[in-house]
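K.L.:
sequence unknown, structure follows:
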């Protein structure tokens, strides 16, 4: 028990430190390259913090459990909006940039509805549809960078007043890469310790999978957004969540749907009736709900954060009560 508790503490410390360095490196890199912090949050940070979901989905597809890949994305996307933005807003109200409200969040909603439609038509996401999602992901990243570069040139962000020289691109890149590695390692330590403690006190593997493992794959997003919110980097906090959800839908589902092309023994990406009738609709409703919240005063205030968090807690309680039938693991 003591060793597992120590693992949890070590994992938590690594997570917070890694998130701090990731936010610092990303913020500095944005200024050095002349792009907005929102662009960095939507691309580099979002893709990096989604690494655990990507690894889980690829492993699940290769091992013949393709449905877990879809459940992993659905569970993570619900958590990213409802819990991560909720907790971040409770710590500090989050300002939302106009471009995030007018372009990126609607694109996230559109991608969510697209995957729902693709899965609903024949209860699978085909190889061709998977490749299409990957192409859309690549196009989105390129578009975001090009438009972001142009917007930053037309409306440059104010320079941060500091006596310290700005770190070099190499140092910022090391911070970012080290932050990614630290987030994955910290999440692994924390989840491993928590699972061992839960098992030692008699909590079932099913409940552990629905809660601790689900939270574990989203810990990088949570740590990064919370640290960004505390440091006043709202653009990175919101961009991380919106970008991660887009990356999860387009890149991870796209990859999981394409992997079966490697071998006939790998099952296609299928969606259960419960996934189509309950969990994907909840993901879509969550994505749709965040847009009007963002538009009210162009920020997510503490009350709205509390509502989001309460909604996620209610969803988690429902998962535990109905555990055992195709529930997403996140």
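P.N.:
Sure, I can see it. Nothing here was measured: the structure is a model prediction, and the numbers come from that model.

K.L.:
residue ranges for the helices of the stretch 201-330 of the chain, please.
P.N.:
Ranges of helices within the stretch 201-330 of the chain are 205-208, 214-230, 234-247, 253-258, 273-274, 280-295, 302-321, based on DSSP state H, counting those that start in this stretch.

K.L.:
Buried deepest among these, which one?
P.N.:
Scoring the helices of the stretch 201-330 of the chain by mean neighbour count under mean count of other Cβ atoms under 10 Å gives helix 234-247 as the most buried, with a mean of 30. From N, CA and C alone the C-beta is placed, and that goes for glycine too.

K.L.:
Include distance to residue 59 and mean pLDDT when you put the helices of the stretch 201-330 of the chain into CSV, please.
P.N.:
Listed next are the helices of the stretch 201-330 of the chain as CSV, based on distance: least, Cβ to Cβ, whole Å; pLDDT from 0 to 100:
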stretch, distance to residue 59, mean pLDDT
helix 205-208, 18, 50
helix 214-230, 12, 80
helix 234-247, 17, 89
helix 253-258, 10, 90
helix 273-274, 22, 84
helix 280-295, 22, 94
helix 302-321, 22, 90
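
K.L.:
who wins for proximity to residue 127 among these?
P.N.:
Evaluated with Cβ to Cβ, the helices of the stretch 201-330 of the chain place helix 253-258 nearest to residue 127, the distance being 5.9 Å.

K.L.:
what comes into contact with that closest one?
P.N.:
54, 57-58, 60-61, 66, 69-70, 73, 115, 125-127, 129-134, 136-137, 268-269 (Cβ atoms under 8 Å, 6 or more residues apart in numbering).

K.L.:
Where do the strands of the stretch 101-250 of the chain begin and end?
P.N.:
For the stretch 101-250 of the chain, the strands defined by DSSP state E, counting those that start in this stretch occupy 124-125.

K.L.:
Could you list the low-confidence segments of it?
P.N.:
152, 154-166, 187, 191, 203-214 (pLDDT under 70).

K.L.:
Can you name every helix or strand that the helix or strand encompassing residue 9 contacts?
P.N.:
Using DSSP states H and E, the element containing residue 9 is helix 2-33. On a contact count with 3 or more Cβ pairs under 8 Å, 6 or more residues apart in numbering; DSSP states H and E, helix 2-33 meets helix 37-40, helix 169-200, helix 214-230, helix 234-247.

K.L.:
among the ones you listed, which is nearest residue 83?
P.N.:
helix 214-230 (7.2 Å).

K.L.:
is it true that residue 111 touches residue 248?
P.N.:
No - in terms of Cβ atoms under 8 Å, residue 111 does not count as a neighbour of residue 248; the distance is 9.3 Å.

K.L.:
which one of these two has more residues nearby?
P.N.:
Shown here are residue 111 and residue 248; by other Cβ atoms under 10 Å, residue 248 has more neighbours (30 against 23).

K.L.:
Let me see the backbone angles for residue 298.
P.N.:
phi 60, psi 40 (degrees, to the nearest 10).

K.L.:
Number of residues surrounding it?
P.N.:
Counted by other Cβ under 10 Å, the residues lying close to residue 298 total 13.
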